[in-house]
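J.: sequence and predicted structure below; questions after.
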Amino acid sequence: MTSLKFSKMHGLGNDFMVIDGISQTFTPNNQQIAQWADRNFGIGFDQLLLVERAQTDGVDFRYRIFNADGSEVQQCGNGARCFVKFVSEQGLTDKQEIVVETASGIIKPRLNDDGLITVNMGKPRFAAADVPFVLRSGETDGAVSYIVMNGIDSAEMSMVSMGNPHAVMLVTDVETAPVADWGEALQYHERFPERVNVGFMQIVDKNHIKLRVFERGTGETLACGTGACAAVVSGVRLGVLAAGEEVRVDLRGGELRISWQEGEDVLMTGAATTVFTGEVVF
């Protein structure tokens with residue numbers, strides 16, 4: 001039998017099991033993670049975050065992200081904020097700004113004096129190969145938007161990689177948006193070879209949006225940090241959101257602040273909360 005200490009955390013309702021893989025040993029196992037993620041028979045979470053020692057000089061930590069189905073992914077904005085709070089609370093660092101290695105590259109999150117956390121999410125990428133997204137004949141690589149067919153229906157979507165793949169759709173009302181239908185359908189669509197996170201964005205004004213996100217490997221979550229970044233980036237490129245200014249993103253779990261202008265890094269600011277700590281025996 002093995003025991004493992006963990007923290008249950010959330011970023012605006014997007015919840016995580018966070019494990020210190022520095023002071024204790026944990027080898028990720030897809031089946032085990034899926035069992036723990038079960039909300040009836042396990043701990044219950046959207047994703048598992050694993051904190052590890054850095055493998056690169058000049059980097060403070062490495063962290064890995066696993067979906068509720070056990071699949072490993074490259075990036076998670078809400079997870080990055082929880083990660084920062086976790087390493088601070090656990091005494092693993094006394095730095096306010098840390099350098100973190102992820103599967104999608106280096107990020108530099110910062111714990112602010114007001115308790116909120118700002119994460120430099122890096123530069124968005126738009127090339128089809130980076131998303132990845134399969135181009136059709138006549139389409140321009142890196143275009144602001146594309147038409148995607150779903151059976152007999154079609155929708156205009158913007159494609160953005162924030163270290164993970166996002167498709168963002170403008171809707172008139174997030175409450176009536178076809179989140180489940182389109183979210184499920186695009187997971188196995190031939191144009192998304194690695195599946196995709198699907199965002200449904202309602203414009204309130206140039207500095208304010210409402211957003212729902214269907215995440216690959218999880219389903220709709222209360223919040224998605226990279227999804228909020230992708231939505232604001234898409235809105236700026238479409239000319240419906242303010243470039244270089246903070247945009248308030250209302251998600252079902254709470255509020256994030258995102259800012260971006262062409263050629264710059266995306267900055268995301270929001271809260272992270274520890275729910276409880278525990279120990280699992282397996």
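T.: Yep, it's here. Residues are numbered from 1 along each chain as shown.

J.: mind listing what's buried in the helix or strand where Phe83 lies?
T.: Using DSSP states H and E, Phe83 sits in helix 77-89. Residues of helix 77-89 classed as buried: Gly77, Asn78, Gly79, Ala80, Arg81, Cys82, Phe83, Val84, Lys85, Phe86, Val87, Ser88 (neighbour count, 16 or more other C-beta atoms under 10 Å). (C-beta placed from N, C-alpha, C; glycine too.)

J.: confirm that Ile33 sits in a helix.
T.: Yes. With DSSP: H, G, I helix; E, B strand; the rest coil as the criterion, Ile33 is located in a helix.

J.: residues near the residue lying closest to it once chain neighbours are set aside, how many?
T.: Leaving aside its sequence neighbours, Ile33 sits nearest to Gly70 (C-beta to C-beta, 6 or more residues apart in numbering; 4.3 Å). The local packing of Gly70 (other C-beta atoms under 10 Å) involves 18 other residues.

J.: doesn't Ile107 fall inside a helix?
T.: No. Applying three-state DSSP, one finds Ile107 to be strand, outside a helix.

J.: still on that earlier bit, average pLDDT for the helix holding Phe83?
T.: Per-residue pLDDT over helix 77-89 has a mean of 93.

J.: tell me how far Ala80 lies from Asp181.
T.: The spacing between Ala80 and Asp181, counted by C-beta to C-beta, to the nearest Å, is 30 Å.

J.: and the helices in the stretch 51-200 of the chain?
T.: With DSSP state H, counting those that start in this stretch, the ranges of helices along the stretch 51-200 of the chain come out as 77-89, 179-187.

J.: the last one: how far from the chain's middle?
T.: By that I understand helix 179-187. Computed by C-alpha atoms, centre = their mean, to the nearest Å, the separation of helix 179-187 from the middle of its chain amounts to 17 Å.

J.: mind giving me the packing neighbours of that helix?
T.: strand 146-150, strand 197-205, strand 208-215, strand 219-221 (3 or more C-beta pairs under 8 Å, 6 or more residues apart in numbering; DSSP states H and E).

J.: repeat the analysis, applying 6 Å as the threshold.
T.: Applying 3 or more C-beta pairs under 6 Å, 6 or more residues apart in numbering; DSSP states H and E, we find helix 179-187 packed against strand 197-205, strand 208-215.

J.: gap between the two ends of stretch 149-164?
T.: 21 Å (C-alpha to C-alpha, to the nearest Å).

J.: now it: buried residues?
T.: So stretch 149-164, judged by 16+ other C-beta under 10 Å, has buried residues Ala155, Met157, Ser158, Met159, Val160, Ser161, Met162, Gly163, Asn164.

J.: now swap in stretch 222-239 and tell me
T.: Buried, per 16+ other C-beta under 10 Å, within stretch 222-239: 222-238.

J.: follow-up on the earlier one: adding distance to Arg110, write the helices of the stretch 51-200 of the chain out as JSON lines.
T.: What follows is the helices of the stretch 51-200 of the chain, written out as JSON lines (distance: least, C-beta to C-beta, whole Å):
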{"stretch": "helix 77-89", "distance to Arg110": "8"}
{"stretch": "helix 179-187", "distance to Arg110": "32"}
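
J.: ok, what's across the strand from Val160?
T.: Using DSSP bridges, the bridge partners assigned to Val160 are His166.

J.: number of residues surrounding the closest residue to Lys206 other than its chain neighbours?
T.: Closest residue to Lys206 apart from its sequence neighbours, by C-beta to C-beta, 6+ apart: Ala242 at 4.4 Å. Neighbours of Ala242 under the rule other C-beta under 10 Å: 18.

J.: what about Ala242, distance to Arg248?
T.: Taking C-beta to C-beta, one finds Ala242 at 11 Å from Arg248.

J.: and Glu190, by the same measure?
T.: Glu190 sits 36 Å away from Arg248, taking C-beta to C-beta as the criterion.

J.: again, but for Asn67
T.: Asn67 is 27 Å from Arg248, by C-beta to C-beta.

J.: okay, now the unreliable bits of the stretch 101-250 of the chain?
T.: Within the stretch 101-250 of the chain, no stretch has pLDDT under 70.

J.: surely Asn207 is in contact with Gly244?
T.: No. Using C-beta atoms under 6 Å as the test, Asn207 is too far from Gly244 to be in contact (11.1 Å).

J.: the two: who's more crowded?
T.: When Asn207 and Gly244 are compared for neighbours, Asn207 comes out ahead with 14 against 10, by other C-beta under 10 Å.

J.: if anything else comes up later, I'll come back, but that's it for now.
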